[in-house]
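Asker: Take a look and give me a structure for this.
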Amino acid sequence: MAAATRQMEEASTIELADGAVRCPSGRRPIDLVHLARQTSGDRGLETEVLGLLLRHLELFEGRLEIASADECRFIAHALKGTARNIGAFPLADAAQRFEVSVLDDEAVAALRSELNQTARFVRSLLG
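Answerer: Residues are numbered from 1 along each chain as shown. Coordinates of the predicted model:
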């Protein structure tokens, strides 16, 4: 049964140009299938990772208000890696766009929107 489930998951993944892999649950702010894989299905670890992510999201959003352009690039780069690792692909995409164009108002707005959506989603998961 486990092998069949794994085959279904592998068949449903989508390879992206940047090498990232997304699953159908990637339509949510966080791809919970990806997160479960990254944490080997350990619910306690998932909760811990999500709690850390929420704290980082809150810190990043506040820091973006006062950071220089170089600091913003660093923040965006760190956020992009963190987000991809746990399956927050829309946030990672917004962080990547912002990293490249920190002075672009649309990139800033998109990043803030994804930060807020992801934080709301994490809060809903953590209760």
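
Asker: Spell out which helix or strand contains Val108, please.
Answerer: Assigned by DSSP states H and E, Val108 belongs to helix 105-126.

Asker: Now that helix: average pLDDT?
Answerer: In this model, helix 105-126 carries a mean pLDDT of 95.

Asker: Just the buried positions in that helix, please.
Answerer: Using 16 or more other CB atoms under 10 Å as the test for burial, helix 105-126 gives Ala107, Val108, Ala110, Leu111, Glu114, Leu115, Gln117, Thr118, Ala119, Phe121, Val122, Leu125. The C-beta positions use only the backbone N, C-alpha and C, and glycine is treated the same way.

Asker: And these, which is closest to Glu61?
Answerer: Leu115 (5.1 Å; CB to CB).

Asker: I figured the closest one hits Leu57, correct?
Answerer: Yes. Contact status for Leu115 versus Leu57: in contact at 5.4 Å, counting by CB atoms under 8 Å.

Asker: a markdown table for the buried residues of helix 105-126, including distance to His34?
Answerer: Listed next are the buried residues of helix 105-126 as a markdown table, based on distance: CB to CB, whole Å:
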| residue | distance to His34 |
| --- | --- |
| Ala107 | 24 |
| Val108 | 26 |
| Ala110 | 21 |
| Leu111 | 20 |
| Glu114 | 16 |
| Leu115 | 19 |
| Gln117 | 17 |
| Thr118 | 14 |
| Ala119 | 18 |
| Phe121 | 14 |
| Val122 | 14 |
| Leu125 | 14 |
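
Asker: can you list contacts of the helix holding Val108?
Answerer: Helix 105-126 is contacted from outside by 28-30, 47, 50-51, 53-54, 57-58, 60-61, 64, 76, 83, 88, 90-91, 93-95, 97-98, 100-102, using CB atoms under 8 Å, 6 or more residues apart in numbering.
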